[in-house]
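Novice: Give me the fold of what follows.
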Amino acid sequence: MTRLALTIAIAGAALSVAPLLAHKPVTSKYTFSEDVYPIVKAQCGGCHVAGGIAPMSLMTYEDARPWAESIRLELTSGHMPPWYGDPGAAPLRDVHKLSPRDLDVVLTWVTGGTPPGPPMKTTPATARRSWPRGRPDVVLQMPAAVTLAADKSEDTQEFVLRDDNDRDRTIAFADLLPGNPSIVHDAIVFSRQRGAAEPAAVFTAWLPGGAPAGPSPGFAFVWRAHEQLVARIHYKKNWKLENKPASDRSSVGLYLTTSTAREIRGVPVGGADELASRLQAVAVRVASGSADAPVRVDAIRPDGTRLTIAAFVARAGWDQRYWLARPVDLPKGTRIEVSRTAATNVRVWLDASTM
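Specialist: Predicted coordinates:
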């Protein structure tokens with residue numbers, strides 16, 4: 001290439017990127033450090049932190065600003081935050097959905113010049129490596145480390161942490177502490193009778209970040225004598241880890257309780273069967289295998305009345321539990337109807353107690 005041609009090529013490249021480097025005029029009344037960071041820390045900090053499952057952190061201005069347009073697209077499309085519930089259809093706890101004000105703050109910031117604000121006085125959040133509710137009563141580590149080979153980007157593995165429980169144990173809630181938060185995508189921890197295909201009780205549907213959630217007062221899980229304790233972990237690399245090996249050895253923590261509580265067990269629903277006994281539902285649990293899809297769970301009672309129990313968007317590849325804001329009584333003979341996209345593979349269970 002001649003010197004003239006090289007000069008023209010360099011000048012052309014500079015012109016092509018110049019618009020990208022030009023700073024937008026600042027029209028936002030919100031700044032990152034004062035207004036945006038508290039929102040993204042609370043709503044996005046489970047994944048979008050240094051060392052987290054997401055490929056980029058949003059916990060500093062320097063990290064977040066290059067992703068402003070992507071943030072706008074994800075929020076306006078409703079794709080983020082993932083696995084959120086619809087509190088307008090039925091009251092839920094922890095709906096994982098940005099409030100209208102939060103949306104206004106973040107969208108105004110990303111479209112209004114992304115002003116940084118004053119220097120932050122707090123240390124940016126990172127992927128958690130401790131138990132947020134204190135050390136559990138029982139801690140069990142995976143039997144051995146798991147390695148995703150360089151040419152493998154995703155895998156789900158099941159670990160039997162204890163093969164034979166020596167006595168009944170009442171569990172308030174459970175948690176999982178990833179050995180490598182950058183590849184532990186989601187997990188469930190459950191009890192199972194030996195030889196059974198399905199869980200007896202799911203103690204946690206674990207997702208990155210935040211403190212573990214448990215049932216309302218008066219309800220608990222029971223890990224029965226001679227049942228196994230199992231962890232099923234979904235591993236997934238982000239694009240930063242492509243073509244690199246990555247290993248994990250996570251731990252499961254159980255928080256026990258001695259208080260008298262009604263036992264929660266899982267009931268698969270969505271078919272034509274009617275409930276064989278009276279139940280009090282406290283949560284809806286979902287596994288989505290193929291595509292994102294809106295899901296609505298309705299109860300049709302024997303007298304013909306219809307009640308929406310929960311509505312949410314099931315995200316492909318995420319196992320999730322939606323806690324009901326208050327328990328729902330379901331008489332014997334109630335039919336549970338699950339509305340979803342026909343082509344989507346979604347499995348739904350009620351977490352409920354027999355009355």
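Novice: CA only for contacts and neighbour counts going forward, please
Specialist: OK.
Novice: quick one: strands adjacent to the strand or helix carrying residue 204?
Specialist: Per DSSP states H and E, residue 204 falls inside strand 201-206. Next to strand 201-206 in the sheet, as set by DSSP bridges, lie strand 184-192 (antiparallel).
Novice: Next, residue 35: secondary structure please.
Specialist: Three-state call for residue 35 (DSSP: H, G, I helix; E, B strand; the rest coil): helix.
Novice: That one touches residue 103, doesn't it?
Specialist: No. Using CA atoms under 8 Å, residue 35 makes no contact with residue 103, being 11.4 Å away.
Novice: so after the worst-scoring helix or strand of the chain on mean pLDDT, what's the next helix or strand?
Specialist: Within the chain, judged by mean pLDDT, DSSP states H and E, the helix or strand with the poorest mean is helix 3-21; its value is a mean of 35. Next helix or strand after helix 3-21 toward the C-terminus (DSSP H and E): helix 37-44.
Novice: what does that next one contact?
Specialist: Helix 37-44 is contacted by residues 58-60, 81, 96-98, 102, 125 when judged by CA atoms under 8 Å, 6 or more residues apart in numbering.
Novice: ditto for stretch 345-355
Specialist: With contact meaning CA under 8 Å, 6+ apart, stretch 345-355 is reached by 219, 262-270, 277-291, 314, 338, 340.
Novice: try stretch 197-210
Specialist: Applying CA under 8 Å, 6+ apart, the contact partners of stretch 197-210 are 45-47, 53, 127-128, 132, 171, 173-176, 181, 184-193, 212-213, 221-223, 264-266, 319-321.
Novice: and if we set it to 6 Å?
Specialist: 46-47, 174, 186-192, 265-266, 320-321 (CA atoms under 6 Å, 6 or more residues apart in numbering).
Novice: Among the contacts of stretch 345-355, which lie within strands?
Specialist: If you go by DSSP state E, the contacts of stretch 345-355 have 219, 262-263, 265-269, 279-288, 314, 338 in strands.
Novice: Just the buried ones from the residues you listed?
Specialist: Buried members of the ones in strands among the contacts of stretch 345-355, counted by 16 or more other CA atoms under 10 Å: 219, 262-263, 265-267, 269, 279-288, 314, 338.
Novice: so what's residue 120 up against?
Specialist: By CA under 6 Å, 6+ apart, the neighbours of residue 120 are residue 33.
Novice: gap between it and residue 69?
Specialist: Between residue 120 and residue 69 the computed distance is 23 Å (CA to CA, to the nearest Å).
Novice: do the same with residue 271
Specialist: Using CA to CA, one obtains 42 Å as the distance from residue 271 to residue 69.
Novice: Helix, strand, or coil at residue 56?
Specialist: Classification of residue 56 using three-state DSSP returns coil.
Novice: now it, nearest residue through space, not along the chain?
Specialist: For residue 56, ignoring the flanking residues on the chain, the nearest one in space by CA to CA, 6 or more residues apart in numbering is residue 48 at 5.8 Å.
Novice: do residue 186 as well
Specialist: residue 207 (4.9 Å).
Novice: so what's residue 126 bridging to?
Specialist: Residue 126 forms beta bridges with residue 50, as assigned by DSSP bridges.
Novice: Which segments of the protein make up each domain?
Specialist: Split into domains by automatic domain parsing, the chain comes to 20-111, 138-262, 264-354.
Novice: Can you give the distance from the first one to the centre of its chain?
Specialist: For domain 20-111, the separation from the chain centroid amounts to 16 Å (computed by CA atoms, centre = their mean, to the nearest Å).
Novice: Can you report how many residues neighbour residue 241?
Specialist: 15 (other CA atoms under 10 Å).
Novice: So it versus residue 150, what's the distance?
Specialist: According to CA to CA, residue 241 and residue 150 sit 8 Å apart.
Novice: low-scoring pLDDT stretches of the stretch 251-355 of the chain, where are they?
Specialist: Residues of the stretch 251-355 of the chain meeting the criterion pLDDT under 70: 289-290, 341-344.
Novice: Tell me which residue is most central in this protein.
Specialist: For the chain, residue 207 is the residue whose C-alpha lies nearest the centre (CA atoms, centre = their mean; 3.8 Å).
Novice: Check the gap between it and residue 307 for me.
Specialist: Distance, residue 207 to residue 307, by CA to CA: 28 Å.
Novice: can you tell me which strand in the protein is longest?
Specialist: The single longest strand within the chain, with elements called by DSSP E, is strand 319-330.
Novice: so how far is that one from its chain's centroid?
Specialist: Centroid separation between strand 319-330 and its chain, computed with CA atoms, centre = their mean, is 16 Å.
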